[in-house]
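Participant: Here is my input, please return the structure:
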Amino acid sequence: MAGPGSRIMAGVSGGADSVCLLAVLTRLGRECGWRIGAVHVDHGLREEAGEDARFVQELCARLQVPFFLKEENVEEKAGQWHMSVEEAGRKVRYQAFEEAAERFGADRIAVAHNRNDRAETLLFHLFRGTGLKGMASIRPVRGKIIRPLLDTGREEIEGWLKQNGITWRTDRSNDTDAYTRNRIRRHVLPYAEREICPEADLHLAQAADLLARTSDFIEGQAKKALEECMASRMPGKLEVDAEAFRAREDLLQTQMLKLMLEELTDGGKDIGLRHIRDVQELFDRQSGRRLTLPGGLEAEKSFETVILQRKEKSARIPSKDQVERRQEDLLKEVRRAGSIRLEIPGGRIMEITLLPWEKSQGIEQKTYTKWLDYDRMKSLVLRTRRPGDYLAINDRLQRKSLKEYLIQEKVPAGERENLPLLADGSHILWVIGYRISSAVKVTDSTERVLRIDIRGGKEDG
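Facilitator: Numbering: from 1, shown residues only. Reported below is the predicted structural model:
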């Protein structure tokens, strides 16, 4: 948990657990060369809170430990953050621990959770609904947070303090049923120990430890499987190969989806097993089916991939109004000026230039630079798709509907409506980002060409 020379900031409330933690750390600190500091948080919830702070300050003075005090109105914070007082208190505590650790230069933060806390947390998570990670309950080490007393029972802690003549404060709020965890501590666990098994807390804590190791193993396997199934990974957007995903065991599938949703939502807040199962079923649904998920996410089955992405990424697709704000025939401007530049959706610039064609001239084969036979078109309009749109797909000028072409190219359904097109009536000359119509390809008989370049964003180069 801490190597030689570590600086450790201990969270000390004044209760038996945290007083024991501080006393043990200071004794071990002399052997291990540790520097120990202590931080106390006054939540502003109890009349005797000031007495608790003074008690911890005096204890630190006796032990020659630097003392840090944080005073906060947790009830007020709970209202501001729209969460319960219990949740707000936890958030305030850990913020205070981090601040004190930074001031002290600590590389570890020690908190006083014990074996009973681990058992209570396991039950709390099971009652509310949880996955493997939640069943792991409280872990001995999480980042720089360490819990040296996690394998020690509450009775053992109090017995050690009495044996060593060390006093502690009693938090009267622990003797009420105001908080869910208190009800588990005061009623559920004592009943289990009295009526089922005297060592129920020990067995629950051992189960939590086993579940923690199981969770770590499954997560490692899921990460490997996910890399093998991933078709594409971009900021805010993940695409998974449906066939490869379906070949995995059900347990790995759910864990893979959990990892992806956590990545996209910065922790998976508000994502439950029901949402994971809904996405899992999407892999067997038809192309074009979509789901809206918490945290601003959406999932879509697109041919043989499933796409998970944050909605704001989808919102960046240009709207129909944006694309169609220019309805004039662009050929008229090109004939008059020889070359025109116009802004198109996505902050990009389209440049269209009318040039004589020299047969010795080569054609640059680039996704966003196209050469079209000018004399084979009557008009040129930038727009989105409409019923009846088509392309010429070969030298015999056979037609294919635009809808059929987009499906063939596996363009996601959500992007098709807003895809910018260059059209001559219903004849699509260029599906921007994809192909041009064979009817306007440059040939040996071409005399004049339109060179069309799109620059900006990912299209450059």
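Participant: mind showing which ranges of this structure have poor pLDDT?
Facilitator: 173, 175, 266-270, 312-327, 345-347, 360-365, 456-461 (pLDDT under 70).
Participant: quick one, longest helix in it?
Facilitator: Longest helix in the chain, counting residues (DSSP state H): helix 200-229.
Participant: Toward the C-terminus, what is the element adjacent to it?
Facilitator: strand 230-234 (DSSP states H and E).
Participant: mind listing what's buried in that following strand?
Facilitator: Met230 (16 or more other Cβ atoms under 10 Å). For every residue, glycine as well, the C-beta is placed using N, CA and C.
Participant: report the angle between the axes of that strand and helix 200-229?
Facilitator: Orientation check (axes from the mean of the first three to the mean of the last three Cα atoms, to 10 degrees): strand 230-234 against helix 200-229 gives 90 degrees.
Participant: distance between strand 230-234 and the chain's centre?
Facilitator: Averaging C-alpha positions (Cα atoms, centre = their mean, to the nearest Å) puts strand 230-234 15 Å from its chain's average.
Participant: Report all helices and strands that that strand contacts.
Facilitator: strand 237-241 (3 or more Cβ pairs under 8 Å, 6 or more residues apart in numbering; DSSP states H and E).
Participant: mind running it again at 10 Å?
Facilitator: The contact analysis (3 or more Cβ pairs under 10 Å, 6 or more residues apart in numbering; DSSP states H and E) places strand 230-234 against strand 237-241, helix 242-246, helix 250-265, strand 305-310.
Participant: Dump it to PDB, restricted to CA.
Facilitator: These are the backbone C-alpha positions of strand 230-234, laid out as PDB (Å, rounded to 0.1, in the frame of the first residue of the first chain):
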ATOM      1  CA  MET A 230     -13.500  -3.300 -32.600                       C
ATOM      2  CA  ALA A 231     -14.100  -2.200 -36.100                       C
ATOM      3  CA  SER A 232     -13.400   1.500 -35.500                       C
ATOM      4  CA  ARG A 233     -12.500   3.700 -32.500                       C
ATOM      5  CA  MET A 234     -12.800   7.500 -32.600                       C
END
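Participant: so what strands line up beside that strand?
Facilitator: Partners of strand 230-234 in the sheet, by DSSP bridges, are strand 237-241 (antiparallel).
Participant: Can you tell me the closest non-neighbouring residue to Trp160?
Facilitator: Using Cβ to Cβ, 6 or more residues apart in numbering and skipping residues adjacent in sequence, the residue nearest Trp160 is Cys20, 6.3 Å away.
Participant: now Gly288
Facilitator: Ala413 (4.3 Å).
Participant: Same check on Val24?
Facilitator: Nearest one to Val24, counting by Cβ to Cβ, 6+ apart, is Pro148 at 6.8 Å.
Participant: now do Ser426
Facilitator: In space, Ser426 is closest to Gly388, 4.8 Å off (Cβ to Cβ, 6+ apart).
Participant: residues contacting the one you found?
Facilitator: Gly388 makes contact with 401-403, 425-427, according to Cβ atoms under 10 Å, 6 or more residues apart in numbering.
Participant: now, among those residues, which is nearest to Leu189?
Facilitator: Lys403 (62.7 Å; Cβ to Cβ).
Participant: What is the burial count for Ala49?
Facilitator: Neighbour count of Ala49, defined by other Cβ atoms under 10 Å: 17.
Participant: how much space between it and Gln95?
Facilitator: For Ala49, the distance to Gln95 (Cβ to Cβ, to the nearest Å) stands at 17 Å.
Participant: Run through the residues that contact Val440.
Facilitator: Val440 touches 370-377, 380, 391-392, 422, 424, 427, 429-430, 446, 449-450, counting by Cβ under 10 Å, 6+ apart.
Participant: Quick check: closest non-adjacent residue to it.
Facilitator: Leu372 (4.4 Å).
Participant: got a list of what the nearest residue to Lys77 once chain neighbours are set aside touches?
Facilitator: Spatial nearest neighbour of Lys77, excluding adjacent residues (Cβ to Cβ, 6+ apart): Ala88 at 4.7 Å. By Cβ under 10 Å, 6+ apart, Ala88 lies in contact with 43, 72-82.
Participant: what helices or strands is the helix or strand hosting the residue nearest to Trp160 leaning on?
Facilitator: Cys20 belongs to helix 16-32 when assigned by DSSP H and E. Packing contacts for helix 16-32, counted by 3+ Cβ pairs under 10 Å, 6+ apart, involve strand 7-11, strand 35-42, helix 49-63, strand 108-110, helix 154-163.
Participant: which parts of that helix are buried?
Facilitator: Applying 16+ other Cβ under 10 Å to helix 16-32 flags 16-26, 29 as buried.
Participant: cool, and stretch 145-154?
Facilitator: 145-150, 152-154.
Participant: Where does Leu422 sit: helix, strand or coil?
Facilitator: strand (DSSP: H, G, I helix; E, B strand; the rest coil).
Participant: Find the nearest non-adjacent residue to it, please.
Facilitator: Trp430 (4.3 Å).
Participant: Double-check that the one you found belongs to a strand.
Facilitator: Yes - counting by three-state DSSP, Trp430 falls inside a strand.
Participant: what bridges to it?
Facilitator: Going by DSSP bridges, Trp430 is paired in beta bridges with Leu422, Ile436.
Participant: How many neighbouring residues does it have?
Facilitator: Trp430 has 22 nearby residues by other Cβ under 10 Å.
Participant: Over to the one 3 residues further on?
Facilitator: One way to gauge burial is a neighbour count; for Gly433, by other Cβ under 10 Å, it gives 15.
Participant: Just give the nearest non-adjacent residue to it, would you?
Facilitator: Thr367 (6.5 Å).
Participant: Is Asp444 in contact with Glu358, as I believe?
Facilitator: No - in this structure, Asp444 is not within contact of Glu358 by Cβ atoms under 10 Å, at 11.9 Å.
Participant: sorry, back to before: in JSON lines, list the helices and strands packed on helix 16-32 along with distance to Arg455.
Facilitator: Below are the helices and strands packed on helix 16-32 laid out as JSON lines (distance: least, Cβ to Cβ, whole Å):
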{"stretch": "strand 7-11", "distance to Arg455": "53"}
{"stretch": "strand 35-42", "distance to Arg455": "55"}
{"stretch": "helix 49-63", "distance to Arg455": "63"}
{"stretch": "strand 108-110", "distance to Arg455": "51"}
{"stretch": "helix 154-163", "distance to Arg455": "68"}
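Participant: Out of these, the one nearest Glu228 is which?
Facilitator: strand 108-110 (36.6 Å).
Participant: and the gap between the residue nearest to Ser426 and Arg399?
Facilitator: Distance, Gly388 to Arg399, by Cβ to Cβ: 11 Å.
Participant: again with Leu202
Facilitator: 76 Å.
Participant: ok, now Gly44?
Facilitator: From Gly44 to Arg399 the distance is 75 Å (Cβ to Cβ).
Participant: could you list every residue that touches Gln280?
Facilitator: Here Gln280 is in contact with 245-246, 250, 253-254, 256-257, 273, 299, 306 (Cβ under 10 Å, 6+ apart).
Participant: Which helix or which strand is home to it?
Facilitator: Counting by DSSP H and E, Gln280 is part of helix 273-282.
Participant: which residues touch the helix or strand following that helix?
Facilitator: Using DSSP H and E, the helix or strand that follows helix 273-282 in sequence is strand 290-293. Outside strand 290-293, the residues that touch it by Cβ under 10 Å, 6+ apart are 261, 264-265, 270-271, 275-276, 278-279, 281-282, 285, 297-302, 306-308, 311, 412-414.
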